[in-house]
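Chemist: what's the 3D shape of this:
(one chain, ligands or ions: 1)
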Amino acid sequence: MSDNHILVERPEAQPGLMVIRFNRPEKKNAITSAMYNRMTAALEEANGDDAIRAVAFLGTEGCFSAGNDMGDFLSYAMSGSREAPAAAVFIKALALAEKPLVSGVDGLAIGIGTTLNLHCDMTIASARSQFKTPFVDLALVPEAASSLLAPKIMGHQRAFAMLVAGEGFSAEAALEAGVIWKIVAPEAVEAETLMLAASLARKPPQALKIARDLVRGPRDAVLARMDEELVHFSAQLKSAEARAAFEAFMRR
Ligand code: COA
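Modeler: The predicted model follows:
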């Protein structure tokens, strides 16, 4: 990967913040294994550093992320690899993150570009944002414990519409479903997200951690669901129906 496809910043103006920024706009911020690895390392660094008190995810103008890189899906499918994909390690790091996670979405949020936000404590989005998880259309299944978290957050009907039927959710619909916290103008997404994360970072850290852990509840069920999903996801990734879907995208 180009070293700057994921930018990890500690803005001087916002002490206590780590910003993880997707920066591959020419590919709609599609996420490669190297990008997952960089984000995993950043989350682990944040856990171990008392100076970091909140983490913010941001994308680029008009695009949060178009999800997993399709080329990577195809290579993994063809490789016969039995190793856990980098994405699987990243989503566990998300579930195990100890500092508050905030995200700012402007535009496309597809696949893990949507499910990542289910792990965030607060998400700000622009009205032009679109949340979509076309897992089943790609012959895949939900990941990142979204099959557990989405029904809890949105109720069965909306979770099914998103995760199984592959229906897109506008920012308005995502707000109504409880997937995001607030809608702002596109040009305000970054500033509002950083302001929100910085306000969390200023809170007394011990109380913040205890309160966050209480609200989120135990992580065991989330981690167990990730493992359960991964068994099916990995098998489906290697299926003929999934390979056909990836190849169709690559040939477009
Ligand atoms: N993986 C790899 N490359 C991707 C990508 C992905 N998930 N999403 C977009 N890209 C690439 C395109 O191949 C294209 O590359 P190119 O310019 O070298 O051809 C570039 O990003 C721009 O995308 P494009 O499709 O031309 O833009 P668009 O505005 O017409 O459509 C999307 C944007 C996101 C709707 C469309 O690219 C798409 O459906 N992507 C796949 C999303 C997806 O299913 N992700 C996996 C979910 S599990």
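
Chemist: Could you measure from the spatially most central residue of the chain over to the ligand?
Modeler: For the chain, the residue nearest the mean C-alpha position is residue 116 (1.9 Å; Cα atoms, centre = their mean). As judged by Cβ to the nearest ligand atom, to the nearest Å, residue 116 and the ligand stand 12 Å apart. For every residue, glycine as well, the C-beta is placed using N, CA and C.

Chemist: ditto for residue 23
Modeler: Per Cβ to the nearest ligand atom, residue 23 is found 14 Å from the ligand.

Chemist: ok, residue 85 - how many residues close by?
Modeler: By other Cβ atoms under 10 Å, the residues close to residue 85 number 20.

Chemist: what about the residue nearest to it when sequence neighbours are not counted, which SS state?
Modeler: Spatially, and ignoring its direct neighbours in sequence, residue 85 is nearest to residue 76 (6.0 Å; Cβ to Cβ, 6 or more residues apart in numbering). Three-state call for residue 76 (DSSP: H, G, I helix; E, B strand; the rest coil): helix.

Chemist: And the pLDDT for the residue nearest to the centre of the chain?
Modeler: The score at residue 116 is 98. That number is its pLDDT.

Chemist: Can you name every helix or strand that the helix or strand residue 195 falls within contacts?
Modeler: Per DSSP states H and E: residue 195 is located in helix 189-201. Contacts defined by 3 or more Cβ pairs under 8 Å, 6 or more residues apart in numbering; DSSP states H and E place helix 189-201 against strand 17-22, strand 54-58, strand 101-105, strand 122-126.

Chemist: Dump those into TSV; add mean neighbour count as well.
Modeler: Formatted as TSV, the helices and strands packed on helix 189-201 follow (neighbours: other Cβ atoms under 10 Å):
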stretch	mean neighbour count
strand 17-22	22
strand 54-58	27
strand 101-105	28
strand 122-126	26
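
Chemist: The ones you listed: which one's closest to residue 192?
Modeler: Distance to residue 192, taken as Cβ to Cβ, is lowest for strand 122-126 among the helices and strands packed on helix 189-201, at 5.1 Å.

Chemist: what about that closest one, average pLDDT?
Modeler: Mean pLDDT, computed over strand 122-126, is 98.

Chemist: Who are the packing partners of whatever helix or strand comes next after that strand?
Modeler: Downstream of strand 122-126, the first helix or strand assigned by DSSP H and E is strand 130-132. Contacts defined by 3+ Cβ pairs under 8 Å, 6+ apart place strand 130-132 against strand 108-110, strand 169-170, helix 171-176.

Chemist: Using CSV, write out every CA atom in the helix holding residue 195.
Modeler: What follows is helix 189-201, C-alpha atoms only, in CSV (Å, rounded to 0.1, in the frame of the first residue of the first chain):
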residue,chain,number,x,y,z
VAL,A,189,-18.7,16.8,9.0
GLU,A,190,-15.0,16.9,9.8
ALA,A,191,-15.0,19.9,12.2
GLU,A,192,-18.1,18.6,14.1
THR,A,193,-16.6,15.1,14.4
LEU,A,194,-13.4,16.4,15.8
MET,A,195,-15.2,18.8,18.1
LEU,A,196,-17.3,15.9,19.5
ALA,A,197,-14.3,13.6,19.9
ALA,A,198,-12.3,16.4,21.6
SER,A,199,-15.2,17.1,24.0
LEU,A,200,-15.1,13.4,25.0
ALA,A,201,-11.3,13.5,25.3
